[in-house]
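Visitor: give me a 3D structure for the following:
(5 chains)
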Amino acid sequence: MYLAKVIGTVVASQKSAALTGIKLLVVQPLDEEKRDMGEPLVAVDTAQAGPMDTVFYVTGREASMALEDAKKLSPVDAAIIGIVDQIGD
Amino acid sequence: MYLAKVIGTVVASQKSAALTGIKLLVVQPLDEEKRDMGEPLVAVDTAQAGPMDTVFYVTGREASMALEDAKKLSPVDAAIIGIVDQIGD
Amino acid sequence: MYLAKVIGTVVASQKSAALTGIKLLVVQPLDEEKRDMGEPLVAVDTAQAGPMDTVFYVTGREASMALEDAKKLSPVDAAIIGIVDQIGD
Amino acid sequence: MYLAKVIGTVVASQKSAALTGIKLLVVQPLDEEKRDMGEPLVAVDTAQAGPMDTVFYVTGREASMALEDAKKLSPVDAAIIGIVDQIGD
Amino acid sequence: MYLAKVIGTVVASQKSAALTGIKLLVVQPLDEEKRDMGEPLVAVDTAQAGPMDTVFYVTGREASMALEDAKKLSPVDAAIIGIVDQIGD
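Guide: Numbers count the residues shown, from 1 in each chain, chains lettered A, B, ... in the order given. This next block holds a predicted model:
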């Protein structure tokens, strides 16, 4: 999983049917000091994240496991699965 | 998923039988400001994307899930799954 | 698998239900000389690792296989699976 | 999938039994202008590619799907699946 | 798959039970001229590789397929699957 900050939303009317009703956010990966790290990507939101929230997301096939059962076969490769309260030592 | 711009098409007559009739596009990944980010790749098109469209694509095993049922076992690792109308804050 | 050093913990109260009770650590990947290599990430701990321990972790779908059976479908993509005693020639 | 150029062959007598009779090529990834991009890798050839051919290859679990049925469980993570005739706009 | 050179061994007494009796090596990825390329990683050895051998390894879920049947669900993401005799043109 990686830490990230929510930096935008994606609006797409023409898309895979499996993505209907799913919220898509643009996230910027962060390091443990919350500094930008690498390139932004698009992730499904399963944690009700809001703008500028610090979150962590999962990638690959595991991302579709974060969605509800009916969505298990969704073509999804990144999902926000938690909102970070604090990063400790 | 990543944002990208459609920058070309691939013509290949000698290829895996599983790819027959599937459209292959070259896409350039973009960041949230639509600036080029990283290296171009070849993706299957499942969203009727056209030249210079801004799209988002899924990678890995999830890509084959974007194809129709009969194609579930296709050797495909990147698929365009939506056309972006707008990137918001 | 990659070598890494444990550099922090993640506290997250709002997260995927599948992550309840699972310890999340921030790890810094290392090379074979234990020098920092690449960017930190968040991994599930399955080896009772402590702060500054040298560990190795697995990524991708294999990470969820490191958890107990009941957790097999967890949305997890990185797991610490061992603590390194020594790196030899 | 990525574009690449065939730049070498790998001879290995001591290898996984699942790879018996499978041709292994070294390929250099290319961008859409056929310029070198990133680092070379070893891919299974399923398209009868020859030296210096421009090809495209698939990575990850999808690569083993490019092999014949009997080989479905092969430990293979990159496979050439087509020879490129032309890259268009 | 990638070419690599064996540069070390990992000793770990506290680890996932699934890794008991499995040899772990540190490998340095190589390009087709056997120059160092990218960062070292830890791979399971399934080819009886020795120090400084040139090998090739598979990554991701395919790596666990290189192990014996009883180990199919091992949390393993990189496995040496062959020793390179020669890299040709």
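Visitor: could I get the buried residue list for the lengthiest strand in chain A?
Guide: As assigned by DSSP state E, the longest strand anywhere in chain A is strand A:2-11. Residues of strand A:2-11 classed as buried under the neighbour-count rule (16 or more other CB atoms under 10 Å in any protein chain shown) are A:2-10. Where you see a C-beta, it was placed from the backbone N, CA and C, and this is true even at glycine.
Visitor: distance from that strand to the middle of the chain?
Guide: Chain-centre distance of strand A:2-11: 7 Å, with CA atoms, centre = their mean, to the nearest Å.
Visitor: just checking: what are the partner strands of it?
Guide: strand A:24-30 (antiparallel), strand A:54-59 (antiparallel), strand B:86-88 (antiparallel) (DSSP bridges).
Visitor: neighbouring contacts of the shortest one?
Guide: Spelled out, it's strand B:86-88. Applying CB atoms under 8 Å, 6 or more residues apart in numbering or on different chains, the external contacts of strand B:86-88 come out as A:8-11, A:26, B:3, B:32, B:34.
Visitor: so for that strand, mean pLDDT?
Guide: Averaged over strand B:86-88, pLDDT sits at 90.
Visitor: residues of that strand that come out buried?
Guide: Buried residues in strand B:86-88 (16+ other CB under 10 Å): residue B:87.
Visitor: what's the spacing between it and its chain's center?
Guide: On CA atoms, centre = their mean, the centre of strand B:86-88 falls 19 Å from that of its chain.
Visitor: now do the first one
Guide: Taking CA atoms, centre = their mean, the mean C-alpha location of strand A:24-30 is offset from the chain mean by 6 Å.
Visitor: now do that strand: everything it contacts.
Guide: With CB under 8 Å, 6+ apart as the criterion, strand A:24-30 contacts A:2-10, A:12, A:36-45, A:49, A:54-55, A:57, A:78, A:80, B:1, B:3, B:32, B:56, B:87, C:39.
Visitor: contact partners for the closest residue to residue A:48 other than its chain neighbours?
Guide: Nearest non-adjacent residue to residue A:48, counting by CB to CB, 6 or more residues apart in numbering or on different chains: residue C:14, 7.3 Å away. Contact analysis of residue C:14 by CB under 8 Å, 6+ apart lists A:47-48, A:82-83, A:85.
Visitor: how about 10 Å then?
Guide: For residue C:14, the contacting residues are A:47-49, A:53, A:55, A:81-85, by CB atoms under 10 Å, 6 or more residues apart in numbering or on different chains.
Visitor: next, count neighbours for residue A:85.
Guide: Residue A:85 has 13 neighbours, counted by other CB atoms under 10 Å in any protein chain shown.
Visitor: could you measure it against residue A:34, distance?
Guide: Separation of residue A:85 from residue A:34 (CB to CB, to the nearest Å): 13 Å.
Visitor: in chain A, where is pLDDT below threshold?
Guide: Judged by pLDDT under 70, chain A has its weakly predicted residues at A:68-73.
Visitor: in it, what residue lies closest to chain B?
Guide: Closest to chain B within chain A is residue A:15: 3.0 Å, counting by CB to the nearest CB.
Visitor: quick one, phi/psi of that residue?
Guide: Main-chain dihedrals, residue A:15, degrees, to the nearest 10: phi -150, psi 170.
Visitor: you'd agree it is up against residue A:22?
Guide: Yes. Here residue A:15 reaches residue A:22: they are 9.3 Å apart, a contact under CB atoms under 10 Å.
Visitor: those two: which is more packed in?
Guide: residue A:15 (23 against 17).
Visitor: got phi/psi on the closest residue in space to that one that isn't next to it in sequence?
Guide: Taking CB to CB, 6+ apart, and ignoring the residues beside it in sequence, residue A:15 has residue B:82 as its nearest neighbour in space, at 3.0 Å. Note on residue B:82: backbone dihedrals following degrees, to the nearest 10 are phi -170, psi 160.
Visitor: ok, the nearest residue to residue A:26 once chain neighbours are set aside to chain C distance?
Guide: Distance criterion CB to CB, 6+ apart; nearest residue to residue A:26, sequence neighbours excluded, is residue A:8 at 3.7 Å. Distance of residue A:8 to chain C, computed by CB to the nearest CB, to the nearest Å: 20 Å.
Visitor: which residues does residue A:8 contact?
Guide: When contacts are counted by CB under 10 Å, 6+ apart, residue A:8 touches A:24-28, A:40, A:42, A:51, B:3, B:32-33, B:86-89.
Visitor: so what sits opposite residue A:28 in the bridge?
Guide: Going by DSSP bridges, residue A:28 forms beta bridges with residue A:5.
Visitor: test my guess that residue A:9 contacts residue A:51.
Guide: Yes. If you go by CB under 10 Å, residue A:9 and residue A:51 touch, sitting 8.3 Å apart.
Visitor: okay, and the common contacts of the two?
Guide: Shared contacts of residue A:9 and residue A:51, defined by CB under 10 Å, 6+ apart, are found at A:25, B:88-89.
Visitor: now those in CSV, with distance to residue D:66?
Guide: Listed next are the shared contacts of residue A:9 and residue A:51 as CSV, based on distance: CB to CB, whole Å:
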residue, distance to residue D:66
A:25, 34
B:88, 39
B:89, 42
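Visitor: and those, which is closest to chain C?
Guide: For the shared contacts of residue A:9 and residue A:51, the closest approach to chain C (CB to the nearest CB) belongs to residue A:25, at 15.0 Å.
Visitor: neighbours around that closest one, how many?
Guide: 24.
Visitor: likewise residue A:28?
Guide: 18.
Visitor: for residue B:32, see how far away it is.
Guide: Residue A:28 is 8 Å from residue B:32, by CB to CB.
Visitor: if I look at those two, which residues touch both of them?
Guide: Joint contacts of residue A:28 and residue B:32 (CB under 10 Å, 6+ apart) are A:7-8, A:39-41.
Visitor: just the CA trace of stretch A:26-36, in PDB.
Guide: Below are the C-alpha coordinates for stretch A:26-36, written out as PDB (Å, rounded to 0.1, in the frame of the first residue of the first chain):
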ATOM      1  CA  VAL A  26      -6.800  11.600  -8.500                       C
ATOM      2  CA  VAL A  27      -4.200  10.900  -5.700                       C
ATOM      3  CA  GLN A  28      -0.600  12.100  -5.300                       C
ATOM      4  CA  PRO A  29       1.600   9.400  -3.600                       C
ATOM      5  CA  LEU A  30       3.400  10.700  -0.400                       C
ATOM      6  CA  ASP A  31       6.400   9.500   1.600                       C
ATOM      7  CA  GLU A  32       6.300   9.000   5.400                       C
ATOM      8  CA  GLU A  33       6.900  12.700   5.900                       C
ATOM      9  CA  LYS A  34       3.900  13.400   3.600                       C
ATOM     10  CA  ARG A  35       6.200  14.800   0.900                       C
ATOM     11  CA  ASP A  36       5.100  14.200  -2.700                       C
END
